[in-house]
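**Student:** based on what follows, work out the 3D shape:
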Amino acid sequence: MRAHHPPLNTEDGDSEFFFKNIYVDDGQNPNKEENLWQLMKESKVNVFFGSHTHQSQVLALPYSYQYKPIKVGCEKETKWGCYQGKEGLNKFYEDPEYFQECKNKLFYNLPINKDYDLNNDMLYIFIFGNSGRILDSLKQGKNSAGVLVWARAREIKNDKVKTNVFGMAMAHFFKQKMIVNFFESSPAEQNELVTAATFIVKEGKLPIMENVNKYTENKICQ
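**Tutor:** Numbers count the residues shown, from 1 in each chain. Coordinates of the predicted model:
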């Protein structure tokens, strides 16, 4: 799926309309209630593409999530750099590490469930296209069961003038997997795209959802 407003990002937190019942007209009942989150879950949607003016991001949201409209109230930070998740399944259990100087050519595996188990699967949200003008705070938005795997917004010098680094991404679909490459611009004298990170979505061992839930339930301001 693709939309400008994804189910969550670290600036806004959860997009409430994904999780609340809405009225739709299906041609027979003009007041039928539907829930986008439940429909995505039942349709086994594993990938969502969103857009954001601030930064590139990849987030994971367990389908076991029960929406809780609670404000965290973290203060917004003004900075550039990257959040980079831990290796292996730990990236779903712990805060990603902040780096002022970002590493390039990072590689992540994002597992999905090979079985049709609605409560033991993940939605991965890829935020494509950005101005790189700020790195949103890790816990700035509403309380959410979302896990930030990776985020990047950088500032560079072109002819001794500081400028934001524009980013983009490309998704390649194969029969058994999807590969997403994130790129960003480089200083003018280099005149090339930098490969920031590569993500592969395919069947594999998922994190223990109980551990993911424990992490997200305790995700408060620090």
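
**Student:** pretty sure His54 is in contact with Ala153, am I right?
**Tutor:** Yes. Shown here, His54 and Ala153 form a contact pair, counting by CB atoms under 8 Å, at 6.1 Å. Using the backbone N, CA and C atoms, a C-beta is placed for each residue, glycine as well.

**Student:** does anything pack onto the longest helix along the chain? Which helices or strands?
**Tutor:** Across the chain, the longest stretch assigned as helix under DSSP state H is helix 209-217. Using 3 or more CB pairs under 8 Å, 6 or more residues apart in numbering; DSSP states H and E, the elements in contact with helix 209-217 are strand 56-62, strand 147-153.

**Student:** buried sites along it?
**Tutor:** Residues of helix 209-217 classed as buried: Met209, Val212, Thr216 (neighbour count, 16 or more other CB atoms under 10 Å).

**Student:** mind listing what the second one touches?
**Tutor:** When contacts are counted by CB atoms under 8 Å, 6 or more residues apart in numbering, Val212 is found next to Pro62, Phe92, Tyr93, Ala145, Val147.

**Student:** 7 Å instead?
**Tutor:** Pro62, Phe92, Tyr93, Val147 (CB atoms under 7 Å, 6 or more residues apart in numbering).

**Student:** what are the bridge partners for the last one, then?
**Tutor:** Right, the one you point to is Val147. Ala60 (DSSP bridges).

**Student:** quick one: the helices in the chain, in order.
**Tutor:** For the chain, the helices defined by DSSP H cover 36-42, 209-217.

**Student:** hey, least reliable of those helices by pLDDT?
**Tutor:** Lowest mean pLDDT within the helices of the chain: helix 209-217, at a mean of 85.

**Student:** quick one, it and strand 56-62 angle?
**Tutor:** 120 degrees (axes from the mean of the first three to the mean of the last three CA atoms, to 10 degrees).
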